[in-house]
Each structure stands twice: as C-alpha cells, then as structure tokens.
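1. Below is the structure, and that's it, no one-letter string:
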C-alpha cells in the first residue's frame, strides 16, 4: 500500500468512527480526544515493547505489537489530516534533514541532536 492509499484508508476509517461517535455521543471526537486516544495507544505500545524485552510476556505478543503500531500510525495519519499536514512531504524533509545532521556529526566528530 502506498502512502496516499494509507492516508485515504485512515481518513475513511476516521469517517466511520465519526459516524459511530455521533450516533453514540451526539458528536464526533475532537482532535484533542483523538490525541488522548493516541496517548493511550502509545502507552499500550510501551507495554508491548517491554514484552519484546521479556518484561511483560504474552502469548500473542507479535500480533499485538503489529496491531498497536498500526493503531498508532492511524492516529498520526488522522492528526496530520486534521491539521492539514502533508505528512509524506514532512517525513521526507525531516528524514533528509536528520540524515544531513548525522553526516555533519560524523564529519566533524560532534554530537548528534534529535
């Protein structure tokens, strides 16, 4: 799946969520509520990463990790869409800038920032 297809799929799923939220709560979630959901997903992801390190083992660890990473990606795509961020371009630009910074650190013997 290409990035644009991922964005379109995330948007379609968000629209379905909004419809269910409107039916259940009389309104769809705000961007702030989506962000809070994302924070919960990141917490769940942290527990699964601990599981991969042997601290919180579970039988379905690999499937759960893949699911939670996908949930987090959906939230990032949804937030980017909500705020009009061209995430594909922003990612490419940011990775290029980080790569350049790391090359500069290697060339000068300095420290990497992040």
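-> Okay, I see it. This one's a predicted model, so the numbers in the text were calculated from it and none came from an experiment.

2. Can you report how many residues neighbour the closest residue to residue 82 other than its chain neighbours?
-> Counting by CB to CB, 6 or more residues apart in numbering, residue 82 lies nearest to residue 31, which is 4.9 Å off, once chain neighbours are set aside. All C-beta atoms are positioned from the backbone trio N, CA, C, and that covers glycine. Neighbour count for residue 31, taken as other CB atoms under 10 Å: 11.

3. next one: phi and psi at the closest residue to residue 112 other than its chain neighbours?
-> Distances taken as CB to CB, 6+ apart place residue 105 nearest to residue 112, at 4.8 Å, with adjacent residues excluded. Main-chain torsions, residue 105, degrees, to the nearest 10: phi -60, psi -40.

4. ditto for residue 55
-> phi -80, psi -40.

5. Verify the contact between the residue nearest to residue 112 and residue 98 for me.
-> No: using CB atoms under 8 Å, residue 105 is not in contact with residue 98, being 10.5 Å away.

6. give the contact list for the residue nearest to the spatial centre of the chain.
-> By CA atoms, centre = their mean, the chain has its centre lying nearest to residue 73, at 3.1 Å. By CB atoms under 8 Å, 6 or more residues apart in numbering, the contact set of residue 73 is 6, 10.

7. so which strand or helix has it?
-> Assigned by DSSP states H and E, residue 73 belongs to helix 61-82.

8. Only the buried residues of that helix, if you could.
-> 64-65, 68, 71, 74-81 (16 or more other CB atoms under 10 Å).

9. Adding distance to residue 35 and pLDDT, write the residues you listed out as JSON lines.
-> Compiled in JSON lines, those are given as follows (distance: CB to CB, whole Å; pLDDT from 0 to 100):
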{"residue": "64", "distance to residue 35": "22", "pLDDT": "97"}
{"residue": "65", "distance to residue 35": "22", "pLDDT": "98"}
{"residue": "68", "distance to residue 35": "16", "pLDDT": "98"}
{"residue": "71", "distance to residue 35": "13", "pLDDT": "97"}
{"residue": "74", "distance to residue 35": "13", "pLDDT": "98"}
{"residue": "75", "distance to residue 35": "8", "pLDDT": "98"}
{"residue": "76", "distance to residue 35": "10", "pLDDT": "98"}
{"residue": "77", "distance to residue 35": "13", "pLDDT": "98"}
{"residue": "78", "distance to residue 35": "10", "pLDDT": "98"}
{"residue": "79", "distance to residue 35": "7", "pLDDT": "98"}
{"residue": "80", "distance to residue 35": "12", "pLDDT": "97"}
{"residue": "81", "distance to residue 35": "13", "pLDDT": "96"}
